[in-house]
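Peer 1: sequence unknown, structure follows:
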């Protein structure tokens with residue numbers, strides 16, 4: 001079995017045993033990574049009774065597909081052809097990987113002063129280009145060390 005961690009569940013809920021009786025779940029349990037490090041419906045948007053997972057399928061799906069190709073390109077260490085396209089895909093991919101986490105979404109909620117999950121997910125889609133631009137400038141500032149004495 002994989003590695004297990006002590007997981008403190010602040011809202012453990014109720015478990016139903018085989019006889020149909022309810023029991024409170026324990027707050028501290030040993031669980032594997034698949035049970036500890038995820039959030040159910042993290043990217044699901046809801047409007048009334050309507051739910052959508054389109055952000056996961058269309059927005060993240062597109063970024064992940066092009067990012068996967070860019071990662072593959074850079075792992076081949078053959079930077080002679082099509083490196084512009086790979087860079088154009090890699091930086092948005094890395095940006096979205098950072099912002100799509102719970103920590104990244106909480107950060108976005110804080111800087112945009114939004115407390116509605118749907119609005120934070122919309123902000124992620126709008127603001128990712130700003131992050132890509134800033135990250136690109138940082139990468140090129142490091143890559144261009146022509147004024148360095150070293």
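Peer 2: That came through, no problem. Because the structure is a prediction, the values reported are computed rather than measured.

Peer 1: quick one: the helices in the chain?
Peer 2: Using DSSP state H, the helices assigned to the chain run over residues 33-36, 54, 61-75, 83-99, 102-112, 117-143.

Peer 1: got the domain ranges for this protein?
Peer 2: Per automatic domain parsing, the domain ranges recorded for the chain read 4-36, 45-143.

Peer 1: which of the ones you listed is buried the deepest?
Peer 2: Here the criterion is mean neighbour count by mean count of other Cβ atoms under 10 Å, and of the domains of the chain the winner is domain 45-143, at a mean of 14. Every C-beta, even on glycine, is put in place using the N, C-alpha and C of the backbone.

Peer 1: what packs against the helix or strand bottoming out on mean pLDDT in the chain?
Peer 2: One helix or strand of the chain scores below all others by mean pLDDT, DSSP states H and E: helix 33-36, with a mean of 78. For helix 33-36, the packing partners by 3 or more Cβ pairs under 8 Å, 6 or more residues apart in numbering; DSSP states H and E come out as strand 4-8.

Peer 1: quick one: distance of the strand it packs on to the chain centre.
Peer 2: Centroid displacement of strand 4-8 relative to its chain, using Cα atoms, centre = their mean, to the nearest Å, is 22 Å.

Peer 1: likewise stretch 103-111?
Peer 2: Computed by Cα atoms, centre = their mean, the chain-centroid distance of stretch 103-111 equals 11 Å.

Peer 1: so which residue is smack in the middle of the protein?
Peer 2: Residue closest to the mean C-alpha point of the chain, counted by Cα atoms, centre = their mean, is residue 100 at 2.6 Å.

Peer 1: right, and that one touches residue 120 too?
Peer 2: No - when contacts are counted by Cβ atoms under 8 Å, residue 100 is not listed as touching residue 120 (10.9 Å).

Peer 1: now do the contacts for the residue of the chain positioned farthest from its centre.
Peer 2: Distance to the chain centre peaks in the chain at residue 19, reaching 40.0 Å (criterion: Cα atoms, centre = their mean). Contacts for residue 19 (Cβ atoms under 8 Å, 6 or more residues apart in numbering) come out as none.
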